[in-house]
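Q: Got a predicted model here, sequence first, then my questions.
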Amino acid sequence: MNELLIKYIQEQLLNNEMEEELEAQDDLLGDGILDSLGMMKLILYIELEFDTKVPPQDMVIENFMTVQHISDYLAQKKK
């Protein structure tokens, strides 16, 4: 799951080249990797790709801070 998310972010959402590869633990918003519009595009991708509805109350930094957080959130939703 991490690999799919990282690939999508790198190919579709990055505004500029990163000096290093995106890692699952990188802070997406705090490090400026994504802006708020990029995060909304990522949530839409997650809903379509993983067939999972993300309700507004789940759109919190704790669930979307890093790719790993997103994977953990999705795994918990699948239970």
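A: In hand now; what should we look at? Numbers count the residues shown, from 1 in each chain.

Q: surely Met39 meets Ile61?
A: No - Met39 lies out of contact with Ile61 (Cβ atoms under 8 Å); the separation is 9.7 Å. C-beta here means a position set from N, CA and C on the backbone, and glycine is covered the same way.

Q: list the residues that contact both of those two?
A: Contact criterion Cβ atoms under 8 Å, 6 or more residues apart in numbering; residues shared by Met39 and Ile61: Leu29.

Q: who's more crowded, those two?
A: Between Met39 and Ile61, counted using other Cβ atoms under 10 Å, the more crowded position is Met39 (17 against 12).

Q: and the strand or helix carrying the more buried one, how far from the chain's centre?
A: Here Met39, judged by DSSP states H and E, is contained in helix 36-49. Centroid separation between helix 36-49 and its chain, computed with Cα atoms, centre = their mean, to the nearest Å, is 7 Å.

Q: Pull out the buried positions in the next helix or strand after that helix.
A: Later in the chain than helix 36-49, the nearest helix or strand by DSSP H and E is helix 61-64. Using 16 or more other Cβ atoms under 10 Å as the test for burial, helix 61-64 gives Asn63, Phe64.

Q: Keeping just the C-alphas, turn helix 61-64 into CSV.
A: The C-alpha trace of helix 61-64 is given here as CSV (Å, rounded to 0.1, in the frame of the first residue of the first chain):
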residue,chain,number,x,y,z
ILE,A,61,-3.6,15.2,10.6
GLU,A,62,-3.2,12.1,12.7
ASN,A,63,-4.5,10.0,9.8
PHE,A,64,-2.8,11.8,7.0
